[in-house]
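Peer 1: The sequence and its predicted three-dimensional model are supplied below.
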Amino acid sequence: QKEVEQDPGPLSVPEGAIVSLNCTYSNSAFQYFMWYRQYSRKGPELLMYTYSSGNKEDGRFTAQVDKSSKYISLFIRDSQPSDSATYLCAMSASLSGNTGKLIFGQGTTLQVKP
Amino acid sequence: DAGVTQSPTHLIKTRGQHVTLRCSPISGHKSVSWYQQVLGQGPQFIFQYYEKEERGRGNFPDRFSARQFPNYSSELNVNALLLGDSALYLCASSLDWATNEKLFFGSGTQLSVL
């Protein structure tokens, strides 16, 4: 079993739709949760960064973390064609003894159609 | 300000050869991490360096090595290349090793092994 599971999609939605992207994980030591966006032939770009459980909102993006269920989500409101990309969830454990190792999900490919 | 820069952008090698990939972190960032991203998968952690010392190593064979220079730039070396080493190699930088959760990635080096 992988430490982080993410549905690879692809996910296709019409412009303006609400998009929900999800990851589950098995390691209860994870405390830092991130979402990255990756365009074709580019490196991942940090979108959202959350510590422990709770919600975080930034413009059209909302990240949710439920540590009791080991489940994280990214919601995109009013999706735009420019949101078409691969979305990667990533996680890491406590800062103490941290070695910089992020564990990534497989990535979900999203296409937003005009 | 320049982001994380990697060179070369593309590279074609044959099995058994050696390759050196280079990375310059964001100005002021002292920690550099290397990740391998196979097509259709999320990035996998290879190494992290901070102040020229190795701070973490992923599950990769000894054919993979790296180093960091006094100006915080870094090199990733891979010996005896295998077909399976074909991937996008990503470099990421952060301020220091304890804030590695906020990693900023370069656009990567696409390595093809024939």
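Peer 2: Arrived safely. Residues are numbered from 1 along each chain as shown, chains lettered A, B, ... in the order given.

Peer 1: If you count contacts, what does the one helix or strand B:Q6 maps to end up packed against?
Peer 2: Using DSSP states H and E, B:Q6 maps to strand B:5-7. Where contact means 3 or more C-beta pairs under 8 Å, 6 or more residues apart in numbering or on different chains; DSSP states H and E, strand B:5-7 is packed against strand B:19-24, strand B:87-94. Quick note: C-beta positions are derived from backbone N, CA and C, even for glycine.

Peer 1: got the CA positions of the first one in CSV?
Peer 2: Put plainly, it is strand B:19-24. Output in CSV follows, covering the C-alpha atoms of strand B:19-24 (Å, rounded to 0.1, in the frame of the first residue of the first chain):
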residue,chain,number,x,y,z
VAL,B,19,25.2,12.1,-16.2
THR,B,20,25.5,15.3,-14.1
LEU,B,21,22.6,17.6,-13.5
ARG,B,22,23.0,21.1,-12.0
CYS,B,23,20.8,23.3,-9.9
SER,B,24,21.0,26.9,-8.5
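
Peer 1: Give me the mean pLDDT for it.
Peer 2: Throughout strand B:19-24, pLDDT has a mean value of 98.

Peer 1: how about the strand holding B:Q6: buried residues?
Peer 2: Of the residues in strand B:5-7, B:Q6 count as buried by neighbour count, 16 or more other C-beta atoms under 10 Å in any protein chain shown.

Peer 1: same question, stretch B:27-36
Peer 2: Neighbour-count burial for stretch B:27-36, with 16+ other C-beta under 10 Å as criterion, is recorded at B:29-36.

Peer 1: neighbours around A:S52, how many?
Peer 2: Counted with other C-beta atoms under 10 Å in any protein chain shown, residues neighbouring A:S52 total 10.
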